[in-house]
Structures are given as C-alpha cells and as structure tokens.
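Q: I'll drop the sequence and a predicted model, then ask my questions.
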Amino acid sequence: MNIKKILVSQPRPTSEKSPYFLLEKKYGVEIVFRPFIKVEGLTSKEFRQSKINIPDYSAIILTARTAIDHFFRLCKELRYNVPDTLKYFCVSETIAHYLQKYVIYRKRKIFYSETGLMEDLIPIIAKHNKETYLMPVSDVHNDKAVVLDNNKVKYVKSIMYRTVSNDFKPGETFDYDMLAFFSPAGIKSYTTNFPDYADRKVVIAAMGQTTLEAADKAGLKVDVTITPKTPSMASAIEEYLKHAKAEEEKEERKAARESAKKAPAASKAKAPAKKADTASAADDDAAAKRSAAAKKAAATRKAKAEAEATAKAKRSEAAKKAAATRKANATKK
C-alpha cells in the first residue's frame, strides 16, 4: 500500500480512543496532526474599532467553541462582566456544554439545536424574537449566517478572531502520502507554503462544501471525502485505505498466478537440455567401458602370445635335447 504517512490538519485528539489512532494500528500507517492554520484573537484595541458594544446585546449566537473562547476573552480584556441574564443560543449540544468552562451551566439560559443544524435553531430563536442577538465569528467563516438572513433574524456579526496560515519552517520535513483538509483556509495555507503543490504526488482528503470548492479552485484532485456511508473524515480515510489494501492484495495474487504460469514453461525448456546432458554422459560412460575392454583384451592377447612363445621355446629345447641323445646313442653302437 502506497499510503504510509498521513497529515491531518487538525490539533492532535486528546482522547487515545480517537478513530485516527485505531487506523494507525489497523493499517500500519503513521498519522501526524499538524494544523495548516491557527486562530488568533483580535486584541481589545482592534475589537473597539468595530464600534460594537457588547452590553447592547441580550443574547448571543454561538456556532463554535472557538467563538466561546474569544467572546469571554474579549469580555475580560474589556473589563466587562457578562451578566447572568445573557441568553446563549448554540448550534449544537456539544457547544452548549462547552459553556461550562465559563459559566455555571444550570443557572444560565442556554438553548441549542438537537440536530446540530442552524435550521433547527431558528424555531427556538423565533420564540425569543425580542432579544438583541450578537454572533461572534472569524474573519473567514462559513455560511451558517445565511440561514439567519433567510429567516430574517435580527442579529449583528462580530469578528472576534481571525484565521491565519500556520507557516511551515524552512527545511521542515514534508514527506506525507495523504493530506486531510477541513477548511478553505487550510487549502490556501498549503498552496501558499508549497508553490509546487500541483506537482506533488499526494492523495488529497477534504470535507465540507467550501473546502471542496477551494480545492477544486486550486486545481487539487480530491480522492477522499465524507459520504453518507462514511460521515466522518476518519471513516472516509479508512474506506480509502481498505480499498487500497484490497487492490494491492489483488495485484499480488495476479503476480503470483503469472509467476506460476511461467514456472512450468521454464521447466519444459530445461528438460531437453537435461536429457541431452544425460545422453552425453551415457555415451561417455560407454566409450570409457569400451576403451577399458579393448585394453583388457589387448593385454590378454599379449599374455597369450607370450605364453605360446615360451611353450614353443621349451618344445624346441626339448627337441634339441632328444636329437642330441639319439646321436650319442648311435655313436656308441
């Protein structure tokens, strides 16, 4: 699998049970948490330039925990004591519970959408139409406010913090196989930090309509995003890794089959040569045997000839002796 190292452009999860950590163990990948962007709060001096007077508002609309942090930070810097009567309208229960960091939850008038959608917060706001609403936002914010505009909610947006690029240091290692983005600002930071981004061979993961649009505008091909089947970034990444691993295993099986097909052909090609070698060895062995037999026969013939010559010599000597004896006997007579 080509994916070995993934950059998730968010802060590291505080819980060790995060699905990202499970992905590391299950697929053997390394996940690095490194935000492409960071949030900076406006100073009290910068906020005053907006001419917004926080005490003029009886209710506050909260769409993010970051908005809560910077609202109470600015109130402290401005030496404004947030009254117990202030009403809080939160886009989700999670954001509502985060208020416990700054206020006594059960003693405050806190309302929230059960579904986490701004649309479902509208009926609650409609029941409190006499309130004056303030909505803390970033300098780069999503379109949640459009829902308020469409429903003619009277509110004032107040920029209390801004999103800036979290620049990479010169020489900082950037050897990731996949990048996961969650905001248009993250896309912008990446393309700014790395002008050669179009030539980088990395898999792009992105979630959120505005983030997808920013990626498309920058010419980035998004391979991983959330779907009804994979509603979170972690699940979307897992689906991609699962598919990539299956494809890799498929290719390995195909290569193994091709290798198995080539093996018998190679064996057949080697067989004639082996047979020829065997025949050659047999011929050599037969020749050697014939040579040894010829030598043995020659030795036998030589020995036989020598034996016959010796016997002939003995017969000639005996004949001479017999002749000499006969001659001697004749002389005596």
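A: In hand now; what should we look at? All values derive from a computational prediction rather than experimental measurement. Numbers count the residues shown, from 1 in each chain.

Q: in this protein, where is pLDDT below threshold?
A: Residue ranges of the chain with pLDDT under 70: 1, 141-143, 264-288, 294, 311-312, 316, 318-319, 322-323, 330, 332-333.

Q: tell me where it has helices.
A: Counting by DSSP state H, the chain has helices at residues 19-27, 44-48, 65-77, 93-98, 122-126, 144-150, 184-193, 209-217, 233-332.

Q: any buried residues in the first one, and which?
A: By neighbour count with 16 or more other Cβ atoms under 10 Å, helix 19-27 contains the buried residues 20, 23, 27. Glycine gets a C-beta too; all of them are placed from N, C-alpha and C.

Q: quick one: residues contacting Y133.
A: Residues near Y133 by Cβ atoms under 8 Å, 6 or more residues apart in numbering: 57, 59-61, 89, 125, 153-156.

Q: residues contacting V224?
A: 178, 180, 203-206, 236-237, 239-240.

Q: please pick the buried ones from those.
A: The neighbour-count test (16+ other Cβ under 10 Å) applied to the contacts of V224 identifies 178, 180, 203-206, 236-237, 240 as buried.

Q: could you dump the buried residues of helix 19-27 to JSON lines with distance to K289?
A: Converted to JSON lines, those look like this (distance: Cβ to Cβ, whole Å):
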{"residue": "Y20", "distance to K289": "79"}
{"residue": "L23", "distance to K289": "74"}
{"residue": "Y27", "distance to K289": "68"}
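
Q: of those residues, which is the nearest to S138?
A: Y20 (24.6 Å; Cβ to Cβ).

Q: got the contact list for the closest one?
A: Going by Cβ under 8 Å, 6+ apart, Y20 touches 8, 13, 31, 33, 234.

Q: circling back to that earlier point, strands - which of the contacts of Y133 land there?
A: 59-61, 89, 155-156 (DSSP state E).

Q: out of these, which is most surrounded?
A: I61 (27 neighbours; other Cβ atoms under 10 Å).

Q: can you pull the contacts of that one?
A: Applying Cβ under 8 Å, 6+ apart, the residues contacting I61 are 89, 91, 121, 125, 133-135, 148, 155.

Q: pick out whichever of those sits closest to F174.
A: Distances from F174 to the contacts of I61, taken by Cβ to Cβ, are shortest for V91, at 34.8 Å.

Q: distance check, the residue nearest to that closest one when sequence neighbours are not counted against S92.
A: Of all residues not flanking V91 in the chain, T63 sits nearest, at 4.8 Å (Cβ to Cβ, 6 or more residues apart in numbering). As for T63, its distance to S92 is 9 Å (criterion: Cβ to Cβ, to the nearest Å).

Q: what's the answer for E248, then?
A: Counting by Cβ to Cβ - E248 and S92 are separated by 39 Å.

Q: closest to E77 among the ones in strands among the contacts of Y133?
A: Set against E77, the nearest of the ones in strands among the contacts of Y133 by Cβ to Cβ is I60 (16.8 Å).
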